[in-house]
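*Asks:* Pasting the sequence and the predicted model now:
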Amino acid sequence: MDIRFWGGKILIVKKQMLHSFILFLIFLPILYFFINFDSAKNLDYNGYKDNYENIWNQFELGYTALENIARLFDLNFESFWFAIICFELLLIAMLYTNPYVFILAFPNLLFLSQGLLGTQVRFAIATLLCLVVFKYFFIKKRFYFYSVGAVLFHNGTLVFLFFSFFIKMLIDFRERIVYRKNFYNLALFVFVLIVVSMLVNNILLFMGYYYYADPDSKHMVERSLSSLMYTSCILFFVFSLLNSRCKPVPYAAMVYLGGMMLILSLVFYKFSIISGRYNLVFMLVEPFVLYSYYKTIGYKNAFGFFSFLILFVVAMSKLLVINLTI
């Protein structure tokens, strides 16, 4: 019986890998087409090009290391840009190995293709690396080492590290959110965020981000009401999922991580540079939330499936404002 059981498990994994491979062959080239959009309309493209061709090395160590490797092979910037996008696609494939999660992720990836993925490439690579490390090494000792390595591509992921370390040390992701340890530590987390939000201008000035701290900066505007409603609705479903008595919750640690991103996004709603950016990062985690919600609640009964449909519609509502350049 054990042999048949493990044989069946191996067969399921192989079928899943085959399905994922087929989906990658079909959809990743489409995603590449949108990420590699017209460079004349890409606000950051020329900055990256000048940095590469003039060897300014003004970015983080990880990204600079990739540039130096490309220069060793005498690649022009266009070839290097192609390699960078392929690296992003490789990380996406590593993150969404489950074919069902990848299908749920593809609309979000299209939404992010010409923003986070196609323009903010350093932050995109750092974020994808953090998520891949979180997925594969979260319960392992090497998690801290690999996570710190991911930050070398963009210092903006330090917030991500705080979240992931907080979950690893203070949250029992196998338990419900109302579990005493989880409840009190999450309350502490919210309190810390509120305190930091009161000091954010001073922190930005201390770190030298004067253009972000300027009250007239476009980065300091409040989030739109529709965006806040989207974030609040998704957070409600995340809390419902984490409070479910059904166990185990698939990708539970990832769901907790997504919930913390949403909380940060709401607490910092007056600072779009922080709130908006981590709202975008959550969109990379959202497919795991959708999949987990369906597997835990959605398929149980008619009411559960109906609630999943509501969650799915809210999650996909962002596509109403998608505006891609072809």
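*Replies:* Nice, thanks for sending it over.

*Asks:* okay, CA-based contacts and neighbour counts for the rest of this
*Replies:* OK.

*Asks:* May I see the domains of this protein written out as residue ranges?
*Replies:* Following automatic domain parsing, the chain resolves into domains at 1-156, 171-326.

*Asks:* Could you dump those domains into CSV and include mean pLDDT and distance to residue 163?
*Replies:* Below are the domains of the chain laid out as CSV (pLDDT from 0 to 100; distance: least, Cα to Cα, whole Å):
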stretch, mean pLDDT, distance to residue 163
domain 1-156, 90, 11
domain 171-326, 88, 7
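
*Asks:* Can you check which of those domains gets nearest to residue 165?
*Replies:* Among the domains of the chain, domain 1-156 comes nearest to residue 165, with 7.9 Å by Cα to Cα.

*Asks:* returning to that earlier point: let's have the domains of the chain in TSV, adding distance to residue 164 and mean neighbour count.
*Replies:* Shown next, in TSV, are the domains of the chain (distance: least, Cα to Cα, whole Å; neighbours: other Cα atoms under 10 Å):
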stretch	distance to residue 164	mean neighbour count
domain 1-156	7	17
domain 171-326	7	17
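
*Asks:* What ranges does the stretch 201-326 of the chain have for its helices?
*Replies:* In the stretch 201-326 of the chain, helices defined by DSSP state H, counting those that start in this stretch lie at 210-213, 225-242, 252-267, 272-293, 302-316, listed in chain order.

*Asks:* repeat for the stretch 51-200 of the chain
*Replies:* Along the stretch 51-200 of the chain, counting by DSSP H, counting those that start in this stretch, helices occupy 61-72, 77-95, 99-112, 121-137, 143-151, 158-170, 180-198, 200-206.

*Asks:* Report the distance from the first one to the chain centre.
*Replies:* In terms of Cα atoms, centre = their mean, to the nearest Å, the gap separating the centre of helix 61-72 from the centre of its chain is 24 Å.

*Asks:* returning to what we had before: please name whichever of the helices of the stretch 51-200 of the chain is nearest to residue 312.
*Replies:* helix 99-112 (9.3 Å).

*Asks:* Now do that closest one: which elements does it pack against?
*Replies:* Where contact means 3 or more Cα pairs under 8 Å, 6 or more residues apart in numbering; DSSP states H and E, helix 99-112 is packed against helix 2-35, helix 272-293.

*Asks:* ok, residues contacting stretch 60-68?
*Replies:* Identification of contacts with stretch 60-68 by Cα atoms under 8 Å, 6 or more residues apart in numbering yields 52, 57-58, 80, 122, 150, 152-155.
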